[in-house]
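Undergrad: Predicted model and sequence below, questions to follow.
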Amino acid sequence: MSVYITGIGKISVQPSGQSGSAPQYFETRYARCSDPAFSDYINPMEARRMSTIIKRAIVSTQMALGEAGIEMPGAVITGTGLGCIEDTEKFLTSMINDNEKFLKPTYFIHSTHNTISSQVAIRLKCNGYNNTFVHRGISFELALHDAMLLFMQKKVHSALVGGHDEMTPAYFNLLDRIGYWKKEIVSSSSLHTSNSAGSVAGEGSISLVLSDEKSPSAYARITDVSTFYNGNGTTDPSERIEAFLSLNGLKPSDIDLVMTGINGDVNDNNVYYQVLEKTFKNNPAGWYKHLSLEYFTSPAFGLQASAQCLKSGNIPEHLRLKGNFNGKPEHILLYNHFKNRNHSLILLSSC
Amino acid sequence: MQEKVVVTGLGIISAIGLSTDETVKSLLSGVSGVGRISHLDTIHTEIPCAEVQMSDDELRKSLLISADEVITRTSLLGIAAVKEAMRYASLNPDRKLRIGFISGTTVGGMEKSEAYYTDFISNDNHKEYIDAHDCGACTEKIADYFNCFGYVSTISTACSSAANAIILGSELIKNDILDVVVAGGTECLTKFHLNGFNTLMILDSRPCRPFDDSRAGLNLGEGAGYLVLESASVARQRKAEVICTVSGYGNACDAYHQTASSPEGKGAVLAITEALAMASLDPCQVDYINAHGTGTGNNDMSEAQALVTVFGDKLPPFSSTKPFTGHTTSAAGGIESVISILALRHGFLPNNLNFETPMKDLPVVPLTAVNSKVSLKHVLSNSFGFGGNNSTIIFSRQ
């Protein structure tokens, strides 16, 4: 079965606008998205009632649908670690501060995680399959896998899959309190060699249009997606990765680029380096979180970056982590894990 | 080759009982779980709710979870129901099986976050609960208790979350990705939900009356409901008793309004129709419908309209069991799937408590008395969520 990525919409911490411009690195503990002019996409009257994450989701959706040249996807599926956390915080704060009195419904209405998928569907008047995955660092991959299942059952010809998370200042502080972020300021370009715990906080909104038909706008083919849980720490990721590849008729040596989720946390990085050493000793490897920074659905950024590589036939220098590769890449394996508990694999091939 | 998906285990905890046995007893004897709030710390004690009759401490004790373990009520309720479901299915965690856990929830760890939020933002007291806030963390707490799941996933589509978890579990089995999946949902009562629904003015100050002309809103509940799903061949291999099959399901989006259903129930019609088509059933073959039936003016009219559109004048016996359990939001699809399957297994039709007067504009009449001597073959459960996330599942006896 072949599923093609035919459209990408991206709002990230990287400068918005033209792609192909030089990447920006960060010397900060926390960066917010570089938002496009929302008024180019959404009527300002409507935009005023929308929270930031909804605006971003709607705009990245429009970008992706526009690029794919379709108006109505067969399904809308969202991955989001925290959902509409901005409105959740607003409702929670006023509930606590005013002791459960004088509350207004607006923030509550928009606080549920499925607001993103719903608002997108309402805007598109899309009555098709609709779902929302909210599982920590694999939320986006679960959404992507759900879409793959729909294609496998031939229930849809196209699907819109998004990875959306916002990092509010309050949530940044909460996660900071429990060690998610580095205490010191480092350049994001050196996160792969970091010896300290914690990553750098980011956010993003990435939408993809998937189709069972290869169109001129197609970037790449998604061959397979898999996630596994290592709650008790006894699973060897390398074994699972090799089994996944073999299920798809491939050997580790067939992979032209292993796109890792290296994020600067020394404990997280070590898991990737062990897998690279054990299974992909001679393969070129890449990374992207120095560009996206870290948030629950950051693997969506990695997927779009990898899809761009396959489309252009070139792996840009700033995505390279190790190894030399000069040919045209054919297979990219995205490997991400969240605290060595949730692991995800996405096999991406050229069209 | 697509595998048939069968149900081999059921687990439930709600205001009407701590097990399937207690649930059946309450349903047959007409005992509602809706009453005064006793566990939730809120100023709105006058609003009727359906709480699980166990404190966190009692739940911890019964599950042998120590008092200092970082765990939220959502996870405790989930563990209680999953434990029953796995025992029901005689599922001994076996490394040779690919076992997954899929849970639906919306509030996640909010119950602790709303209690400790002031600390979260200003000091390190209770900081261990920060990482227990998100939905995925609640699912993993449940998964880790059993230490046998190689796949975990969390779905949040508001009040249809658990139904979508069961649908995904079935798909993973059909596609030979997993052998066994425990799927359903869990949700505890929170101030966040109580106040949220209260601001929407859809909480009835009296026990809820779904499909009644005098209905004035819903009663919130809490609990968890899970099914053990597996492929027919795995069930055969391990000699598990098959309760029923998951014969059809549908997921559609109403795409109408964030908190209101379309007047014609478009998404509901699509979900029900898709489920019937997948099960290869004519509408008249459905023996019982467990309606979403929240008791709000909007939901019940929209759902009734959808039922009439699909079933015409041959509307099967139907009821909402929310007057028993309260509206358990994200857990509802799990709790009501379990109730539907218990009806199928034990041959009874649960009644729609508190119903007296048919709706003027659409006078459909739900089951007004429990019927305990029936033979059912196909039962259908509806779960509809905010944002128009509508899902339907059909369970059939072999």
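TA: Nice, I can see it.

Undergrad: Next, the contact list for A:V161, please.
TA: A:I77, A:T78, A:G79, A:F140, A:A143, A:L144, A:A147, A:S207, A:L208, A:L210 (CB atoms under 8 Å, 6 or more residues apart in numbering or on different chains). Every residue, glycine included, has its C-beta placed from N, CA and C.

Undergrad: Could you do A:D176 as well?
TA: Residues in contact with A:D176, defined by CB under 8 Å, 6+ apart, are A:R29, A:A201.

Undergrad: before we move on, back to that, turn the contacts of A:V161 into CSV, including pLDDT.
TA: Converted to CSV, these look like this (pLDDT from 0 to 100):
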residue, pLDDT
A:I77, 98
A:T78, 98
A:G79, 98
A:F140, 98
A:A143, 98
A:L144, 98
A:A147, 98
A:S207, 98
A:L208, 98
A:L210, 98
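
Undergrad: Which of these fall in helices?
TA: A:F140, A:A143, A:L144, A:A147 (DSSP state H).

Undergrad: Tell me, what's the model's pLDDT at the most centrally placed residue in chain A?
TA: With distances taken as CA atoms, centre = their mean, A:A300 lies nearest the centre of chain A, 2.0 Å away. The model reports A:A300 with a pLDDT of 98.

Undergrad: Can you pull the phi/psi pair for it?
TA: Torsion angles at A:A300 (phi, psi; degrees, to the nearest 10) stand at phi -60, psi -40.

Undergrad: That one and chain B, how far apart?
TA: 16 Å (CB to the nearest CB, to the nearest Å).

Undergrad: That residue against A:G204, yeah?
TA: Yes - if you go by CB atoms under 8 Å, A:A300 and A:G204 touch, sitting 7.0 Å apart.

Undergrad: how much space between B:L194 and B:T106?
TA: Distance, B:L194 to B:T106, by CB to CB, to the nearest Å: 13 Å.

Undergrad: who's more crowded, these two?
TA: Legend: neighbour count by other CB atoms under 10 Å in any protein chain shown for B:L194 and B:T106, higher for B:T106 (30 against 21).

Undergrad: dump the residue contacts of the more buried one.
TA: B:T106 neighbours (CB under 8 Å, 6+ apart): A:T112, A:H113, B:C135, B:S156, B:A158, B:S161, B:E187, B:T329, B:S330.

Undergrad: one more time with 10 Å
TA: A:83, A:111-114, A:132, A:134, B:74, B:135, B:155-159, B:161, B:185, B:187, B:190, B:192-193, B:329-331, B:385-386 (CB atoms under 10 Å, 6 or more residues apart in numbering or on different chains).

Undergrad: Which residues of the stretch 251-351 of chain A lie near chain B?
TA: Those residues of the stretch 251-351 of chain A that sit near chain B, judged by CB under 10 Å from any CB of the partner chain, are A:F296, A:F338, A:K339, A:R341, A:N342.

Undergrad: ok, what's across the strand from the second one?
TA: Per DSSP bridges, residues listed as beta-bridge partners of A:F338: A:N342.

Undergrad: can you list the domain ranges for the chain.
TA: In the absence of a named chain, chain A is used. As assigned by automatic domain parsing, chain A contains the domains A:3-211, A:220-349.

Undergrad: hmm, I had chain B in mind actually
TA: Domain ranges of chain B: B:5-237, B:248-396, per automatic domain parsing.
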